[in-house]
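>>> Sequence and predicted structure below; questions after.
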Amino acid sequence: MMKKTLLALSIPLISSMAFQATAASDELSDIKAKMSELEKRLEKAEQTSTEAKATADSFEFHGYARSGLLFDEKQHGAVGTGPYMTPAGRYNGPVGRLGLEDDTYVEITLSKNIVHDDGSKARYTVMVADGVETKNEWTSDESKINVRQAYVELSNLKSFNGAFRDATLWAGKRFDRNNYDIHFFDSDITFLSGTGAGIYDVKPTDSWKTHISLYGRDFDDVESTNTDIENYILNVNNFFGDHWQFMFSAMTSPDHDETGSDLATNGIHTLLAYHMNLDSGFAKAGVIYGEGLGGEPKAIGAKGDVTEDASTVRAFAYMVTDLSDDWRIAPALFVENSDDRYAKGDEATWASFNVRLANELTQNFEMVYESTYQYMDLKEGSEKASGGFYKVTVAPTFKLDTNSGFFNRPEIRFMASYIDWDDDLNGFGDSLEEDTFANTPYDGGTWLFGAQMEIWF
């Protein structure tokens with residue numbers, strides 16, 4: 001009887017324990033499922049964070065290159081041709097580049113972008129470039145390979161406030177960020193470069209943005225063999241609203257007067273420009289004035305062979321716009337006058353007018369035309385020259401999309417150019433080591449033919 005009683009009591013107890021064990025097992029499984037789901041969420045969040053960081057900490061590869069073949073009507077290789085082939089080239093007077101370039105020039109630019117946890121950013125950039133005239137595939141004997149830029153920028157710094165909130169600090173060797181050019185002349189309007197430091201995008205007001213930089217550089221043409229910095233350039237570049245730009249540069253070269261000559265040791269350079277966006281392009285115009293070391297208006301502070309009395313005025317205007325659905329045009333004008341630039345009593349005036357037209361015939365083929373006229377009136381010592389240079393170029397061109405405008409690359413073009421100049425210009429520069437007509441075997445009236453590729457990205 002006792003056994004039956006114990007058995008009767010045990011059955012409910014065992015059942016209760018089994019039920020509790022089953023409930024505990026179910027609860028444990030639920031906990032495990034929740035832990036597994038949490039692990040997946042954490043893994044996904046970590047992956048998303050990694051992907052976001054990978055996107056922010058990015059690597060960039062940019063480049064530019066051109067390479068072409070150019071020969072004259074007698075199937076001789078072109079000699080002394082290029083945008084600065086005229087006597088005015090000594091004074092940075094270019095002519096239209098299309099159909100005149102036969103060099104191989106390459107730029108490779110690498111950048112690493114780094115984003116800190118607080119959103120602050122760093123950017124490291126290095127550029128390597130090379131340029132040769134030889135047509136051979138092995139060019140080490142002629143190579144000019146060079147590191148043209150190596151600098152670091154810091155931006156979005158959390159300790160910057162007020163006018164400096166959006167500012168970018170930089171230091172190193174670089175081209176100034178705000179250089180710009182007239183592509184069709186292969187000429188910078190001004191070109192500021194060297195090694196130094198500065199700050200971009202300071203905003204004293206909502207409509208005023210300024211950049212302040214200090215560059216140091218050796219002169220490109222100084223006789224000195226040392227590597228001490230020869231020229232210091234303080235540059236302040238201001239942009240007002242969406243259109244106006246005023247840039248001022250002051251420079252000094254304390255060691256330059258050791259030569260005992262009348263070469264400049266100080267200088268100023270100013271630029272006033274107007275920028276305008278068009279419905280199908282843009283337009284820019286401006287005037288430059290420089291004195292002393294600033295008498296070299298294009299490469300700011302780069303030339304040391306200018307006199308202390310040198311003065312130069314340089315004006316430019318150009319635009320890019322569509323004429324119709326399948327025609328576009330890019331006219332450009334450069335004018336310059338300088339006095340006492342390389343020697344007391346020297347005078348130089350030149351004006352270059354260039355027009356490039358493009359007619360889109362298919363998605364991948366267009367006809368490009370370019371016409372140039374340059375007038376020059378030059379006096380150096382006992383040498384004088386005045387007259388005009390003329391060029392007309394026709395270039396059947398292939399590209400990925402002709403509807404993408406003048407500045408889409410790559411392009412493969414075939415070229416035929418006719419060049420001529422006034423007889424009075426022949427022989428000017430015989431006493432100079434310059435790539436002028438004195439070093440060109442053509443006596444005017446010459447056809448040039450060639451093919452060229454050009455790419456940037």
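Great, that's in hand.
>>> Quick one: distance of the host helix or strand of Arg328 to the chain centre.
Per DSSP states H and E: Arg328 is located in strand 327-339. Centre-to-centre, strand 327-339 and its host chain are 19 Å apart (CA atoms, centre = their mean, to the nearest Å).
>>> For Val79, see how far away Asp424 is.
Distance check for Asp424 against Val79: by CB to CB, to the nearest Å, it reads 21 Å. The C-beta positions use only the backbone N, C-alpha and C, and glycine is treated the same way.
>>> er, Ser207 I mean
From Ser207 to Val79 the distance is 52 Å (CB to CB).
>>> With Lys112 instead?
42 Å.
>>> next one: Thr393
Taken as CB to CB, the span from Thr393 to Val79 is 18 Å.
>>> again, but for Leu69
14 Å.
>>> hang on, the earlier thing: buried set for the strand holding Arg328?
328-339 (16 or more other CB atoms under 10 Å).
>>> mind listing what His256 touches?
219, 222, 230-231, 263-265, 304 (CB atoms under 8 Å, 6 or more residues apart in numbering).
>>> Please repeat the previous calculation with a cut-off of 10 Å.
With contact set as CB atoms under 10 Å, 6 or more residues apart in numbering, His256 has these partners: 219, 222, 224, 230-231, 263-266, 293, 304, 308.
>>> Over to Glu101?
66-68, 70, 78, 81-83, 186, 415, 450, 452, 454.
>>> These into CSV, with extra columns for secondary structure?
Shown next, in CSV, are these (DSSP: H, G, I helix; E, B strand; the rest coil):
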residue, secondary structure
Arg66, strand
Ser67, strand
Gly68, strand
Leu70, strand
Ala78, coil
Thr81, coil
Gly82, coil
Pro83, coil
Asp186, coil
Met415, strand
Gly450, strand
Gln452, strand
Glu454, strand
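>>> Among the contacts of His256, show me the least confident.
On pLDDT alone, Ser224 ranks lowest of the contacts of His256, at 45.
>>> mind checking which helix or strand of this structure has the lowest mean pLDDT?
Within the chain, no helix or strand scores below helix 2-56, which has a mean of 54 by mean pLDDT, DSSP states H and E.
>>> Need the overlap of contacts for Leu69 and Val79.
Asp102.
>>> Can you show me the strands along the stretch 201-350 of the chain?
Assigned strands in the stretch 201-350 of the chain, in chain order: 208-217, 231-240, 244-252, 266-278, 281-292, 311-322, 327-339, 347-360 (criterion: DSSP state E, counting those that start in this stretch).
>>> will you turn those into TSV that also has distance to Asp166?
As requested, the strands of the stretch 201-350 of the chain are exported to TSV (distance: least, CB to CB, whole Å):
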stretch	distance to Asp166
strand 208-217	9
strand 231-240	13
strand 244-252	18
strand 266-278	20
strand 281-292	24
strand 311-322	29
strand 327-339	33
strand 347-360	36
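>>> Show me the shaky parts of the stretch 151-300 of the chain.
221-228, 257-260 (pLDDT under 70).
>>> go with 50
Counting by pLDDT under 50, the stretch 151-300 of the chain contains low-confidence residues at 224-225.
>>> follow-up on the earlier one: of all the strands of the stretch 201-350 of the chain, which one is nearest Tyr151?
strand 208-217 (11.3 Å; CB to CB).
>>> in that closest one, what counts as buried?
209-211, 213, 215-217.
>>> Stretch 292-303 too?
Quick answer for stretch 292-303 (16+ other CB under 10 Å): 292-298, 300-303.
>>> Next, give me the two most distant ones among those.
Among the buried residues of stretch 292-303, Gly292 and Lys298 lie farthest apart (CB to CB), at 15.4 Å.
>>> Would you reformat the buried residues of strand 327-339 as TSV and include pLDDT?
Putting these into TSV (pLDDT from 0 to 100) gives the following:
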residue	pLDDT
Arg328	98
Ile329	98
Ala330	98
Pro331	98
Ala332	98
Leu333	98
Phe334	98
Val335	98
Glu336	98
Asn337	98
Ser338	97
Asp339	97
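>>> quick check, nearest of the residues you listed to Ser386?
The nearest one, if we look at those relative to Ser386 and count by CB to CB, is Asn337, at 13.5 Å.
>>> and the nearest residue to the closest one once chain neighbours are set aside, how many residues sit next to it?
Excluding its sequence neighbours, the residue lying closest to Asn337 (CB to CB, 6 or more residues apart in numbering) is Thr349, at 4.7 Å. When neighbours are counted by other CB atoms under 10 Å, Thr349 registers 19.
>>> what number of residues lie near Val152?
16.
>>> Could you give the bridge partners of the residue nearest to it when sequence neighbours are not counted?
Leaving aside its sequence neighbours, Val152 sits nearest to Tyr124 (CB to CB, 6+ apart; 5.2 Å). Per DSSP bridges, the residues bridged to Tyr124 are Lys112, Val152.
>>> Distance-wise, check Tyr124 relative to Gly196.
For Tyr124, the distance to Gly196 - CB to CB - is 17 Å.
>>> what do you get for Asp443?
46 Å.
>>> Of those two, give the one with the bigger neighbour count.
Gly196 (22 against 11).
>>> Wait, Asp72 touches Leu448, no?
Yes: under the criterion of CB atoms under 10 Å, Asp72 makes contact with Leu448 at 5.7 Å.
>>> more crowded one of those two?
Leu448 (21 against 18).
>>> can I assume the more buried one sits in a strand?
Yes: judged by three-state DSSP, Leu448 forms part of a strand.
>>> quick one: contacts for the nearest residue to it once chain neighbours are set aside?
In space, and not counting its chain neighbours, Leu448 is closest to Ser417: 4.5 Å by CB to CB, 6+ apart. For Ser417, the contact set (CB under 10 Å, 6+ apart) comprises 70, 78, 81, 96, 98-100, 370, 372, 391-395, 446-450.
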